[in-house]
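Chemist: Predicted model follows, preceded by the sequence.
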Amino acid sequence: MDRQETSQETYIVRKRMKPDMEEDVGDGAVTESVEDIANVVASEKMELEISHIHEKIERYTQMVSELLESGKTLFRDLSNEFEERMILIHKEQMEKWQEEIKELRLLDASNENVNAVLHNAHYLLRNVPIDS
């Protein structure tokens, strides 16, 4: 069983090695050295890949942070514009209703004047002396 494990290890090492290095693998000492080199190379490559992933994480985190800040600014600006617009709409509506109130008061005063004139005319027409 020990012999089988060694041959599998040799196969794995040969698979990882370059073709010109396969010829040198013959005894256990060379196999261990090649395995150490393969592990170091694989480890360095893995560390490089991990480093790239960390860089991606950092860039992505920075992008998300910038998007959040720009979103906050955008919503703050929109909120301010919305508030200003609502105040302007409210002011315009209040002015419109104040104008309507003024017109209604003028109309009421005019109606009161007309009503007074009609009342006087009615009184005069009733009290006209009739000469027969």
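Modeler: Sure thing, it's come through.

Chemist: Mind checking the pLDDT average for the top helix by length along the chain?
Modeler: If you go by DSSP state H, the chain has its longest helix at helix 28-126. The average pLDDT within helix 28-126 is 91.

Chemist: now for that helix, which elements pack on it?
Modeler: Contacts defined by 3 or more CB pairs under 8 Å, 6 or more residues apart in numbering; DSSP states H and E place helix 28-126 against helix 2-16. Placement of C-beta: from N, CA and C, glycine included.

Chemist: mean confidence score for the helix it packs on?
Modeler: Here the average pLDDT along helix 2-16 is 49.

Chemist: Could you number the chain from 378 rather than 1 from now on?
Modeler: Let's use 378 as the start, then, which means that last one is helix 379-393.

Chemist: Mind checking what secondary structure residue 508 has?
Modeler: Assigned with DSSP: H, G, I helix; E, B strand; the rest coil, residue 508 falls in the coil class.

Chemist: Pull up the gap between it and residue 502, please.
Modeler: Distance, residue 508 to residue 502, by CB to CB, to the nearest Å: 15 Å.

Chemist: Looking at those two, which is more packed in?
Modeler: Taking other CB atoms under 10 Å, residue 508 and residue 502 do not tie; residue 502 has more neighbours (8 against 4).

Chemist: Tabulate the CA atom coordinates of stretch 428-447 in PDB.
Modeler: Extracted in PDB, the C-alpha atoms of stretch 428-447 (Å, rounded to 0.1, in the frame of the first residue of the first chain):
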ATOM      1  CA  SER A 428      -3.900  39.100  -3.600                       C
ATOM      2  CA  HIS A 429      -5.800  39.800  -6.800                       C
ATOM      3  CA  ILE A 430      -9.000  38.900  -5.200                       C
ATOM      4  CA  HIS A 431      -8.200  41.200  -2.200                       C
ATOM      5  CA  GLU A 432      -7.600  44.000  -4.700                       C
ATOM      6  CA  LYS A 433     -10.900  43.300  -6.400                       C
ATOM      7  CA  ILE A 434     -12.600  43.400  -3.000                       C
ATOM      8  CA  GLU A 435     -11.000  46.700  -2.200                       C
ATOM      9  CA  ARG A 436     -11.900  48.300  -5.500                       C
ATOM     10  CA  TYR A 437     -15.500  47.000  -5.200                       C
ATOM     11  CA  THR A 438     -15.800  48.200  -1.700                       C
ATOM     12  CA  GLN A 439     -14.500  51.600  -2.700                       C
ATOM     13  CA  MET A 440     -16.900  51.800  -5.600                       C
ATOM     14  CA  VAL A 441     -19.900  50.900  -3.400                       C
ATOM     15  CA  SER A 442     -18.800  53.500  -0.900                       C
ATOM     16  CA  GLU A 443     -18.600  56.100  -3.600                       C
ATOM     17  CA  LEU A 444     -22.000  55.100  -4.900                       C
ATOM     18  CA  LEU A 445     -23.500  55.400  -1.500                       C
ATOM     19  CA  GLU A 446     -22.100  58.800  -1.000                       C
ATOM     20  CA  SER A 447     -23.200  60.000  -4.400                       C
END
